[in-house]
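*Asks:* Build me a structure from this.
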Amino acid sequence: MKKIIYIPPSYKINKRNILDILFCIHFDLKTIFKNFKKRKNINKSTGGFVEQSLKANFKVVELPYFFLVFFGKILNFFYDGIFINWKFTNLRDDKNLEKKLLSLCEKFKKKKVLVDTRDTSNRYNMEIIEAFDLIIQREKLKKFQNSKIISSMLPCTLVDLVEMNDTINWNTIGKSQPNNEFKFDIFFSGKNTNTERNHLIKTIESLNLSYFGGLDKKLLYEDYLKMIYNSAINLAPAGVGIFTFRHLEIFASCSFLMCSSKINEIELPIPFLDGEDFISYNDLNDFKEKAIFYIKNPEIRKQIATNGRKKLEKYYSPLNHGKIIYDRLFKD
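*Replies:* Numbering: from 1, shown residues only. Presented below is the predicted three-dimensional model:
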């Protein structure tokens with residue numbers, strides 16, 4: 001098994017002072033000592049899926065940035081690659097972040113991968129692209145054709161792996177069959193915090209359908225999952241990123257998903273198909289027509305919900321995603 005170094009996200013501070021520096025040192029030491037734990041906590045944050053994928057396919061040692069600054073050249077002799085999370089420095093607005101990235105690349109002569117877990121599709125200057133063998137991005141737009149960049153995704157919050165290479169037992173996760181009895185026609189989770197969402201809520205209200213959404217506070221997680229399963233249509237408008245935790249939670253609940261057509265602009269490692277596994281809408285008029293149609297056609301709706309669940313079961317695998325990364329780096 002190939003041995004790699006992973007520089008994870010660091011403890012973030014706005015400016016340097018004695019107290020913050022002490023917090024940073026404490027966080028970095030925890031990162032080092034974490035390597036000695038037999039069973040590690042599963043990261044379900046934005047970069048959790050990537051981290052699970054790496055640990056399922058490589059022997060991973062997590063080290064903080066400062067460690068690589070001093071020992072990078074020596075570690076060349078012991079490791080086959082280095083994976084650097086974009087959030088590897090302490091300062092939130094680090095003006096020298098790219099310079100530090102390039103400096104690490106100069107020190108480390110083996111395979112180099114940039115793990116960009118930021119919530120949107122991001123562009124890089126050519127110096128950064130040329131310095132890395134691979135860039136793993138949360139969302140890659142289809143229109144940006146670059147073989148060095150591949151897309152990843154968020155972890156599914158319903159999947160709780162103890163070890164990174166565990167087989168996922170889908171019989172114990174979410175729902176395997178669509179619901180036949182609903183409390184609401186439409187469920188819309190999230191606050192009415194922007195104009196797009198406010199217009200969506202007003203459009204739902206104009207349909208005279210029962211709905212639940214636009215709350216000022218979050219539902220408890222278990223109540224939220226129940227609401228997904230007890231709603232005929234689950235909306236997942238674009239939020240922080242185009243493809244969010246909510247999409248995966250709806251698929252895992254074997255429930256019907258409607259979302260913005262922006263989802264078709266990005267590449268995903270799971271080949272969900274619009275019209276087969278979910279339904280997208282282009283604008284509010286398109287949403288109205290489709291919402292009415294699928295409310296009136298429960299059998300079609302249930303088939304699409306079932307398709308989405310089966311596609312998730314078939315393709316959601318940190319182990320397989322990590323193998324893709326491995327092959328891109330090391331397979332001749």
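
*Asks:* Could you give me the buried positions within the lengthiest helix in the chain?
*Replies:* The residue-count maximum for a helix in the chain (DSSP state H) belongs to helix 298-315. Neighbour-count burial for helix 298-315 flags Arg301, Lys302, Ile304, Ala305, Thr306, Asn307, Gly308, Arg309, Lys311, Leu312, Glu313 (criterion: 16 or more other Cβ atoms under 10 Å). The C-beta positions use only the backbone N, C-alpha and C, and glycine is treated the same way.

*Asks:* right, and the fourth one touches Pro178 too?
*Replies:* Yes. Between Ala305 and Pro178 there is a contact under Cβ atoms under 8 Å: 4.3 Å.

*Asks:* Common neighbours of those two, please.
*Replies:* Listed as contacting both Ala305 and Pro178 by Cβ atoms under 8 Å, 6 or more residues apart in numbering are Cys254, Ser255, Phe256.

*Asks:* which ones are touching the last one?
*Replies:* By that I understand Phe256. Shown in contact with Phe256 (Cβ under 8 Å, 6+ apart): Pro178, Ala232, Ile233, Asn234, Ile250, Phe278, Ile279, Tyr294, Arg301, Lys302, Ile304, Ala305.

*Asks:* Just the element for the third one, please.
*Replies:* Put plainly, it is Ile233. Using DSSP states H and E, Ile233 falls within strand 231-236.

*Asks:* And this protein, what are its domain boundaries?
*Replies:* What automatic domain parsing lists as the domains of the chain is 3-165+317-330, 171-315.

*Asks:* got those as JSON lines, with mean pLDDT columns?
*Replies:* Shown next, in JSON lines, are those (pLDDT from 0 to 100):
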{"stretch": "domain 3-165+317-330", "mean pLDDT": "88"}
{"stretch": "domain 171-315", "mean pLDDT": "90"}
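
*Asks:* Not counting sequence-adjacent ones, nearest residue to the most centrally placed residue in the chain?
*Replies:* Nearest residue to the geometric centre of the chain (Cα atoms, centre = their mean): Leu154, 1.6 Å. The shortest distance from Leu154 to any residue other than its chain neighbours is 5.4 Å, reached at Phe245 (Cβ to Cβ, 6 or more residues apart in numbering).

*Asks:* This protein: helices as residue ranges?
*Replies:* Going by DSSP H, the chain shows helices at 18-33, 48-57, 65-75, 97-107, 126-131, 195-206, 221-229, 245-252, 284-296, 298-315, 318-330.

*Asks:* Render the CA-only coordinates of stretch 95-107 in CSV, please.
*Replies:* Output of stretch 95-107 as CSV, limited to C-alpha atoms (Å, rounded to 0.1, in the frame of the first residue of the first chain):
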residue,chain,number,x,y,z
LYS,A,95,-2.2,36.5,1.3
ASN,A,96,0.8,34.1,0.9
LEU,A,97,-1.2,30.9,0.6
GLU,A,98,-0.3,30.2,-3.0
LYS,A,99,3.4,30.9,-2.4
LYS,A,100,3.4,28.5,0.5
LEU,A,101,1.7,25.8,-1.7
LEU,A,102,4.4,26.2,-4.3
SER,A,103,7.1,26.2,-1.7
LEU,A,104,5.8,22.8,-0.4
CYS,A,105,5.7,21.5,-3.9
GLU,A,106,9.4,22.4,-4.4
LYS,A,107,10.4,20.6,-1.2
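
*Asks:* contacting residues around Tyr294?
*Replies:* Applying Cβ under 8 Å, 6+ apart to Tyr294 gives the contacts Ala232, Ile233, Phe256, Met258, Ile279, Ile300, Arg301.

*Asks:* gap between Met1 and Tyr294?
*Replies:* Per Cβ to Cβ, to the nearest Å, Met1 is found 47 Å from Tyr294.

*Asks:* again, but for Asp283
*Replies:* Taking Cβ to Cβ as the measure, Asp283 falls 17 Å from Tyr294.

*Asks:* repeat for Lys109
*Replies:* Noted for Lys109: a distance of 55 Å to Tyr294, by Cβ to Cβ.

*Asks:* for Ile32, same thing?
*Replies:* 52 Å.

*Asks:* try Leu75
*Replies:* On the measure of Cβ to Cβ, Leu75 and Tyr294 end up 55 Å apart.

*Asks:* So which of the buried residues of helix 298-315 is the closest to Leu158?
*Replies:* Leu158 has its nearest neighbour among these in Leu312, at 9.8 Å by Cβ to Cβ.

*Asks:* Test my guess that the closest one contacts Pro269.
*Replies:* No. Using Cβ under 8 Å, Leu312 makes no contact with Pro269, being 11.7 Å away.

*Asks:* where do the contact lists of those two overlap?
*Replies:* By Cβ under 8 Å, 6+ apart, Leu312 and Pro269 have no common neighbours.

*Asks:* Tell me how many other residues surround the spatially closest residue to Phe58 that is not a sequence neighbour.
*Replies:* Nearest non-adjacent residue to Phe58, counting by Cβ to Cβ, 6+ apart: Ile4, 4.6 Å away. Using other Cβ atoms under 10 Å, Ile4 has 23 neighbouring residues.

*Asks:* What of the one 10 residues further on?
*Replies:* When neighbours are defined as other Cβ under 10 Å, Asn14 has 10 of them.

*Asks:* That concludes my questions; thank you for your assistance.
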